[in-house]
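Asker: this one's sequence-less:
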DNA sequence: CGCCCACTTGACCACGATCAATACCGGTGG
DNA sequence: CCACCGGTATTGATCGTGGTCAAGTGGGCG
């Protein structure tokens, strides 16, 4: 099988999905690592963090570490859900598509995040890589067995899923009730609170403006205009399009909270 | 302590919250029922459904069955979260408020639904009764102990929370990307798929138009107009404002799915 | 160097919000 | 019985935020 062709850069609906895993294509060969968990950068804040070192080794026996290049598809809506994943580096986007191409990104899984599926058989959302991304992959059945054997892991999963739920509910408030600038401010602060930020008050935006728009229920143009407005107002410092300095976090927080200004 | 005063009917931001539980007020006395679980109408589809009868009795020992009248508050954002609940009849609304009064309802917990809280100490959302509602109340610590002792209960909780998460993510798509009529159609179909419906294709709307609007990210006026439009188009049959007959479910489904018409 | 794409900016438009008036419904009391 | 009242729902007129359409800019990569 030839290596995967260079994937189209276009993030819109015309993208030809490139299967990363599955029955028919395997463009990214699994990485072979002798001690995957020992060298894992996100071990301390992923679900695995709850396991003592000895048990971590058992987990390591069933994991497949793997890599996606930017814009590669991890899975698509409707596909049978065979695996669960932990993100170890890079970033993904999880989204749904309406028949006419409208897209809603429901999350950007970052290192340490766990990609679960509900009890049902198939994926309700599609997922692709924003940037080059590495993941730990487990079969659902093997992972389920672990959950049965290691209570602390199951407990961690319960807590994390509950957290995710509340995050999603807070995002519902963003989407249902906030103005464009409040949404963008909320988004910037949300990124600021992630582990993987460059330095204090500087946020890295690996995703495109279209991705941000599809996450916030806006259009690219509105996102772009809002960034420009923030810059004019001295709230942010935007030199490259993928790096934002938050120069007035207090004002951004006020905006994000919905305190009219 | 005098009995609770008649609560204001107004569901807007000027409502004086009436504490149902907590340190300072107890307007609704706990109901004393000899065999609460045995007579529970939602037992078959609530979390408890996973427990065999014998273990159900253990659960029954720690439960406090209780009742809220319409518009009574169960808890408010920021309050310490002492309890978890299962709804057994009626309906609640779970919502967040922005400082200027904008409100987003993130869910209408119905009979069988479980009101959990994340790992953190206090509530992130407020919750009040839409109609007269009965609940089973457990202290968090007692419930946590149950979860440790009964694996099947913990497993059921994991699955249910995962389901809720996916539901919330689908609602993000509604809020971020759907038009007003698509939102209303989605909402009606969502209610149609609940257990507690009157008869085939007739949906009961216990909540006000304002509640529906705050759930869908719209205004009362837009919700009302959309209902009227649906009636003119022969999609629904609306005689009383709280009862809707869905006369063309197929067309509503198309609308809800986002197939432009 | 030049192409491609993402981003930015501008002009105009439309969907749903806002403001306002009226209809409706249940409850209460004369 | 009807008049009145408070709260909710409906309908109409107008407005504004953010979407749409279009043109221009700029960076990365072959």
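Answerer: Arrived safely, thanks for sending. Note that the coordinates shown come from a computational prediction; the quantities given were computed from them, not determined experimentally. Residues are numbered from 1 along each chain as shown, chains lettered A, B, ... in the order given.

Asker: Return the set of buried residues in the longest helix seen in chain A.
Answerer: The residue-count maximum for a helix in chain A (DSSP state H) belongs to helix A:151-177. For helix A:151-177, a neighbour-count test (16 or more other C-beta atoms under 10 Å in any protein chain shown) marks A:153-162, A:164-177 as buried. In this view, the C-beta of every residue, glycine as well, is placed from N, C-alpha and C.

Asker: Those also near chain B: which ones?
Answerer: When contact is defined as C-beta under 8 Å from any C-beta of the partner chain, the buried residues of helix A:151-177 meet chain B at A:154, A:157-159, A:161-162, A:164-166, A:168-173, A:175-177.

Asker: The next helix-or-strand element following the longest helix of chain A close to DNA strand C?
Answerer: Toward the C-terminus, helix A:151-177 is succeeded by helix A:180-192 as the next helix or strand (DSSP states H and E). No: residues of helix A:180-192 are not located near DNA strand C by C-beta under 7 Å from any atom of the strand, the shortest gap being 10.7 Å.

Asker: per-residue confidence averaged over helix A:180-192?
Answerer: Averaging pLDDT along helix A:180-192 gives 97.

Asker: next one: stretch A:135-148
Answerer: What stretch A:135-148 shows for mean pLDDT is 92.

Asker: do the same with stretch A:115-129
Answerer: pLDDT averaged over stretch A:115-129 gives 90.

Asker: next one: stretch A:199-218
Answerer: Looking at stretch A:199-218 alone, the average pLDDT works out to 94.

Asker: mind showing which ranges of chain A have poor pLDDT?
Answerer: Scanning chain A with the threshold set as pLDDT under 70 gives A:1-36, A:196-198, A:261.

Asker: For it, what lies in contact range of DNA strand D?
Answerer: Contact residues, chain A versus DNA strand D (C-beta under 7 Å from any atom of the strand): A:179, A:180, A:181, A:217, A:218, A:219, A:221, A:222, A:240.

Asker: Please tabulate those residues in TSV, including the columns neighbour count.
Answerer: Formatted as TSV, the residues of chain A next to DNA strand D follow (neighbours: other C-beta atoms under 10 Å in any protein chain shown):
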residue	neighbour count
A:179	14
A:180	17
A:181	20
A:217	24
A:218	22
A:219	14
A:221	10
A:222	18
A:240	8
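
Asker: For the residue in the stretch 1-150 of chain A that chain B sits nearest to, the count of nearby residues, please.
Answerer: Chain B sits closest to residue A:98 of the stretch 1-150 of chain A, with a gap of 3.5 Å, by C-beta to the nearest C-beta. Residues near residue A:98, counting by other C-beta atoms under 10 Å in any protein chain shown, number 17.

Asker: backbone phi and psi for the closest residue to it other than its chain neighbours, please?
Answerer: Take residue A:98 and drop its neighbours on the chain: the residue closest to it by C-beta to C-beta, 6 or more residues apart in numbering or on different chains is residue B:258, 3.5 Å away. Main-chain torsions, residue B:258, degrees, to the nearest 10: phi 100, psi 20.

Asker: ditto for residue A:240
Answerer: phi -90, psi 150.

Asker: got the contact list for residue A:233?
Answerer: Residues counted as contacts of residue A:233 (C-beta atoms under 8 Å, 6 or more residues apart in numbering or on different chains) are residue A:251.

Asker: and what of residue A:152?
Answerer: Residue A:152 touches A:50, A:51, counting by C-beta under 8 Å, 6+ apart.

Asker: I'd like to know how many residues surround residue A:201.
Answerer: Quick note: residue A:201 (other C-beta under 10 Å) scores 15 neighbours.

Asker: correct me, but it touches residue A:192?
Answerer: Yes: if you go by C-beta atoms under 8 Å, residue A:201 and residue A:192 touch, sitting 7.1 Å apart.

Asker: Now for these two: what residues contact both?
Answerer: Applying C-beta under 8 Å, 6+ apart, one finds that residue A:201 and residue A:192 are jointly contacted by A:246, A:249.

Asker: Spatially nearest residue to residue A:156 (excluding sequence neighbours)?
Answerer: residue A:50 (4.2 Å).

Asker: Tell me, how many residues neighbour that neighbour?
Answerer: Count around residue A:50 with other C-beta under 10 Å applied: 18.

Asker: hang on, it packs against residue A:154?
Answerer: No: with contacts counted by C-beta under 8 Å, residue A:50 stays clear of residue A:154, the gap being 9.4 Å.

Asker: where do the helices sit along chain A?
Answerer: A:53-62, A:140-149, A:151-177, A:180-192, A:209-216, A:220-232, A:249-257.

Asker: quick one: the longest one near DNA strand C?
Answerer: No: using C-beta under 7 Å from any atom of the strand as the criterion, no contacts between helix A:151-177 and DNA strand C are found, and the smallest distance is 8.9 Å.

Asker: Quick one: work out the angle between that helix and helix B:151-177.
Answerer: If you take axes from the mean of the first three to the mean of the last three C-alpha atoms, to 10 degrees, helix A:151-177 sits at 20 degrees to helix B:151-177.

Asker: who touches residue A:242 in this structure?
Answerer: By C-beta under 8 Å, 6+ apart, the residues touching residue A:242 are A:204, A:205, A:206.

Asker: Nearest to DNA strand C among those residues?
Answerer: residue A:205 (7.4 Å; C-beta to the nearest atom of the strand).

Asker: That closest one: how many residues sit nearby?
Answerer: By other C-beta under 10 Å, neighbour count at residue A:205 equals 19.

Asker: still on that earlier bit, measure the residue of the stretch 1-150 of chain A closest to chain B to residue B:208 for me?
Answerer: Distance, residue A:98 to residue B:208, by C-beta to C-beta, to the nearest Å: 29 Å.

Asker: follow-up on the earlier one: name the pair among the residues of chain A next to DNA strand D with the greatest separation in space.
Answerer: For these, the farthest-apart pair by C-beta to C-beta is A:179 and A:240; their separation is 26.2 Å.

Asker: Touching, residue A:74 and residue A:67? I think so.
Answerer: No: Residue A:74 lies out of contact with residue A:67 (C-beta under 8 Å); the separation is 11.0 Å.

Asker: More neighbours: the two, which one.
Answerer: residue A:74 (27 against 18).

Asker: Please determine how far the closest residue to that one other than its chain neighbours is located from residue A:135.
Answerer: Leaving out its chain neighbours, the residue that sits closest to residue A:74 by C-beta to C-beta, 6+ apart is residue A:127, at 4.3 Å. According to C-beta to C-beta, residue A:127 and residue A:135 sit 10 Å apart.

Asker: Now list whatever residues contact both of those two.
Answerer: What both residue A:127 and residue A:135 touch, as defined by C-beta under 8 Å, 6+ apart, is the set A:74, A:115.
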